[in-house]
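Chemist: No letters, just coordinates:
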């Protein structure tokens, strides 16, 4: 989800390979903190932010995100090639084959913001606004010098903000001569401004008696899914009247705005977004479409639910049953209920999950039910049962 935008929050991390590649300064192995110092470096990982990218040479930061990791994944997914490890984000354009690097933007390329030490996937060029829309992640790490605070690029923020800007999220960046674009293998980079030949369409002159056409207002007809486990998921919004800059807004049960997801495809009748809601409280949320024109649609209900599971399903007294839950409020906790036993407080991880062991020593033969109540929302999961034989 995105609730904070702006170029000041970009941050990435590269991989500690144990050696410094030829031509790469030892300082290039970490990045993103500016004057605040270099972040720690970690091993490469195939998972980050609920996404999977086998062979990804980059690490995942403490807030479960990293710009280099996600840019590598999107390039691999869309171009069908595994990029090498080009080190920190600000150096990608210098280390990529130069025949693939240009100064002009295009959708389906990687933007390298050398001035910010950041890299992201370009989804759209906005000629009228002189910006590019991107899909990105941002690395944040705990600030050991300030308990409770996190470093995200040049900014120091609290944990809520660090996780909120993690991504995947959409963002806009100004066109600048300091930005470079990496094109897919075999493509010829543009050499002239792609917006130079775009002539803005003059707005019609309004008349006192004119009224907006109903078709100019976006309208949502359905959501798929309309009820989903609290996690990261793809949301398809069907309707009409969506313009070229349409995106979703997601609201909490209390009506306050959370932000919007990363738009992965868009037509006049369908917007598909990637929503990052792991750790959000279960409950009734709502979704609307906001057009670039400023017009907004009706709101449609999106329900987040939670669930628990026990394995194995049965065993003799003394069996250690694995009791797990997901879809709960992250970094908060649940109250667990077990037949004929006292309630138990179990903490939840940032992604809204928990794991607990039920030791059945001394349990009589019979069937037991277990369920959990989210401490933040007060919503209880469905009950599941296991049997002691």
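Modeler: On my side now, so go ahead. Please read these numbers as outputs of a predicted model, since none were measured by experiment.
Chemist: can I assume residue 93 sits in a helix?
Modeler: Yes: if the criterion is DSSP: H, G, I helix; E, B strand; the rest coil, then residue 93 is within a helix.
Chemist: so how far is residue 109 from the closest residue to it other than its chain neighbours?
Modeler: The shortest distance from residue 93 to any residue other than its chain neighbours is 3.6 Å, reached at residue 180 (CB to CB, 6 or more residues apart in numbering). For the C-beta atoms, the positions are set from N, CA and C on the backbone; glycine is no exception. Noted for residue 180: a distance of 10 Å to residue 109, by CB to CB, to the nearest Å.
Chemist: More neighbours: those two, which one.
Modeler: Set residue 180 next to residue 109 and count neighbours by other CB atoms under 10 Å: residue 109 wins out with 27 against 24.
Chemist: Now residue 101: closest residue in space that isn't a chain neighbour?
Modeler: residue 93 (5.1 Å).
Chemist: Run a quick neighbour tally on that neighbour.
Modeler: 23.
Chemist: Residue 306 contacts residue 324, doesn't it?
Modeler: No: the pair residue 306 / residue 324 is not scored as a contact, 11.3 Å apart, by CB atoms under 8 Å.
Chemist: So those two - more neighbours on which side?
Modeler: Neighbour comparison, residue 306 and residue 324: the larger count goes to residue 306, with 28 against 15 (by other CB under 10 Å).
Chemist: per-residue pLDDT, the closest residue to the more buried one other than its chain neighbours?
Modeler: Nearest residue to residue 306 in three dimensions, chain neighbours excluded: residue 327, at 3.4 Å (CB to CB, 6+ apart). For residue 327, the pLDDT comes out at 91.
Chemist: And residue 327, how close does it get to residue 366?
Modeler: 28 Å.
Chemist: Compare these two and say which is more crowded by neighbours.
Modeler: residue 327 (27 against 10).
Chemist: What ranges does the stretch 201-350 of the chain have for its strands?
Modeler: Ranges of strands within the stretch 201-350 of the chain are 219-224, 227-229, 232-240, 247-251, 257-259, 262-266, 270-276, 283-290, 300-305, 307-311, 314-315, 320-326, 334-338, 344-346, based on DSSP state E, counting those that start in this stretch.
Chemist: try the stretch 51-200 of the chain
Modeler: For the stretch 51-200 of the chain, strands defined by DSSP E, counting those that start in this stretch occupy the ranges 51-52, 101-102, 110-113, 118-126, 131-136, 141-142, 149-152, 155-158, 169-174, 179-182.
Chemist: Can you list the strands that the first one pairs with?
Modeler: Think strand 51-52. Within its sheet, strand 51-52 is paired with strand 47-48 (antiparallel), according to DSSP bridges.
Chemist: before we move on, back to that, enumerate every residue touching the residue nearest to residue 101.
Modeler: Shown in contact with residue 93 (CB atoms under 8 Å, 6 or more residues apart in numbering): 101, 112, 114, 180-182.
Chemist: try 10 Å this time
Modeler: Residues in contact with residue 93 (CB atoms under 10 Å, 6 or more residues apart in numbering) are 86, 100-103, 110-114, 119, 179-182.
Chemist: Top of those by number of neighbours, please.
Modeler: Counting by other CB under 10 Å, top hit in those: residue 119 with 30 neighbours.
Chemist: Just to check, that residue is in contact with residue 138?
Modeler: No: applying CB atoms under 10 Å, one finds residue 119 not in contact with residue 138, separated by 11.1 Å.
Chemist: got any residues that touch both of residue 306 and residue 324?
Modeler: Counting by CB under 10 Å, 6+ apart, the shared contacts of residue 306 and residue 324 are 353, 372.
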